[in-house]
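**Student:** The sequence and its predicted three-dimensional model are supplied below.
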Amino acid sequence: MPTLSLPGFSSLSSAIVSIFGDNICIVHASPVAGGDINKAFRLELADGTCVFMKANRKDNLSFFTAEAAGLDAMARTGMIGTPELLCFGTDEGRGGFSFLLMEWMQGKRQISHYWETFAHQLAAMHRAPSQKFVPGGRYGFHQNNYIGARPQTNTAYDSWVTFFRDCRLEPQIRSAEAYLGSSDLKKTGWLLDHLGDFLVEPEKPSLLHGDLWSGNVIVGNDGKAWLIDPAVYVGHAEADIAMSELFGGFPQEFYSAYQEAGLLQPDYEGRRDLYNLYQLLNHLNLFGRSYLSSVRQILDKYIR
């Protein structure tokens, strides 16, 4: 099992000194827009170095240790770019907060064939060996993490269909019972019982980003696409591609290039909405009933 050797600190200032030197301090902190869950800042240091910091309440440090484990896992495949991790920690200042420090993105221009390159690198990550990430099984992850601000269970299973039922759909359905009517619950019960009629076991397990939409893909310091804010686990590569299509999608050249990898099995389009039922249930549980109609549309599509 991979071990993340990322240092932890009990204050932000001690983290900066330990990593950058005794005479280095923060001279300016600028808010960075983007996230709904965490606050983000560009930290300018006394030597001119810039660092990216994510922050949350002190008791939410596990958000960042889980995120770091996910970024580390993707980086370990050696197939796709992720920001360099520097450290995590907590600080008593301003009422107490937790933080994660990473390298600052320099705003490079995209390389030519940016989307095709991204597709090929993502496919390479999906093809990379994944056994070391799931002790005791083929699907799951070596620790639980988060999908957005909600816990995500990654218990190891040998069956993808069983994993997706027990660790993805069923927990979200239980949490959404306040939104789902009796008819909805009958449909979800039927769907869970018949999930194997719709999903297929992949030809090989794949390490997934887990929350792959345009907001979690940035231009890295090499001009290529880098992945951020993961909800990593080992599953079917199709689940990542399905998520990428849920909220607007990537340009067509990405999907055409990804198809060349042969990781999408026949009738992927028939399974796509079922993978995204998990994501929409999560949004329903996070943000409320504006997502209920989308959930019901998918249920009606699969219920016979």
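**Tutor:** Received it, and whenever you're ready, just let me know what you need.
**Student:** show me what contacts residue 143?
**Tutor:** Listed by Cβ atoms under 8 Å, 6 or more residues apart in numbering, the contact set of residue 143 reads 66, 69, 154. All C-beta spots, glycine's among them, are computed from the backbone N, C-alpha and C.
**Student:** Name the helix or strand for the second one, please.
**Tutor:** It stands for residue 69. helix 61-76 (DSSP states H and E).
**Student:** Helix 61-76 and the helix or strand following that helix, what's the angle between them?
**Tutor:** Reading on from helix 61-76 to the C-terminus, the next helix or strand found by DSSP H and E is strand 85-91. Put simply, strand 85-91 runs at 170 degrees to helix 61-76, going by axes from the mean of the first three to the mean of the last three Cα atoms, to 10 degrees.
**Student:** Phi and psi next, for residue 222.
**Tutor:** Dihedral pair for residue 222: phi -110, psi 10, per degrees, to the nearest 10.
**Student:** again, but for residue 55
**Tutor:** Torsion angles, degrees, to the nearest 10, at residue 55: phi -140, psi 150.
**Student:** Likewise for residue 57?
**Tutor:** With angles defined as degrees, to the nearest 10, residue 57 sits at phi -60, psi 150.
**Student:** For it, give me the pLDDT.
**Tutor:** At residue 57, the model reports a pLDDT of 96.
**Student:** One more: residue 243?
**Tutor:** Residue 243 is given a pLDDT of 98.
**Student:** Check the burial of it by counting its neighbours.
**Tutor:** Using other Cβ atoms under 10 Å, the number of residues around residue 243 comes to 22.
**Student:** dump the residue contacts of it.
**Tutor:** By Cβ under 8 Å, 6+ apart, the contact list for residue 243 reads 210-213, 275-276, 279.
**Student:** Which positions in stretch 81-98 come out as buried?
**Tutor:** Residues of stretch 81-98 classed as buried: 81-83, 85-91, 97-98 (neighbour count, 16 or more other Cβ atoms under 10 Å).
**Student:** Output that stretch as PDB - backbone C-alpha positions only.
**Tutor:** Extracted as PDB, the C-alpha positions of stretch 81-98 are listed here (Å, rounded to 0.1, in the frame of the first residue of the first chain):
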ATOM      1  CA  GLY A  81       0.200  16.000 -14.100                       C
ATOM      2  CA  THR A  82      -0.900  17.100 -10.600                       C
ATOM      3  CA  PRO A  83       0.400  20.000  -8.500                       C
ATOM      4  CA  GLU A  84       3.300  19.200  -6.200                       C
ATOM      5  CA  LEU A  85       2.200  18.700  -2.600                       C
ATOM      6  CA  LEU A  86       4.200  20.700   0.000                       C
ATOM      7  CA  CYS A  87       2.500  20.000   3.400                       C
ATOM      8  CA  PHE A  88      -0.700  20.100   5.400                       C
ATOM      9  CA  GLY A  89      -1.500  21.300   8.900                       C
ATOM     10  CA  THR A  90      -3.500  23.300  11.300                       C
ATOM     11  CA  ASP A  91      -3.100  26.800  12.700                       C
ATOM     12  CA  GLU A  92      -4.700  28.400  15.800                       C
ATOM     13  CA  GLY A  93      -4.900  31.900  14.200                       C
ATOM     14  CA  ARG A  94      -8.200  33.500  13.100                       C
ATOM     15  CA  GLY A  95     -10.200  31.100  15.200                       C
ATOM     16  CA  GLY A  96      -8.300  28.000  14.000                       C
ATOM     17  CA  PHE A  97      -8.000  26.600  10.500                       C
ATOM     18  CA  SER A  98      -6.600  23.700   8.600                       C
END
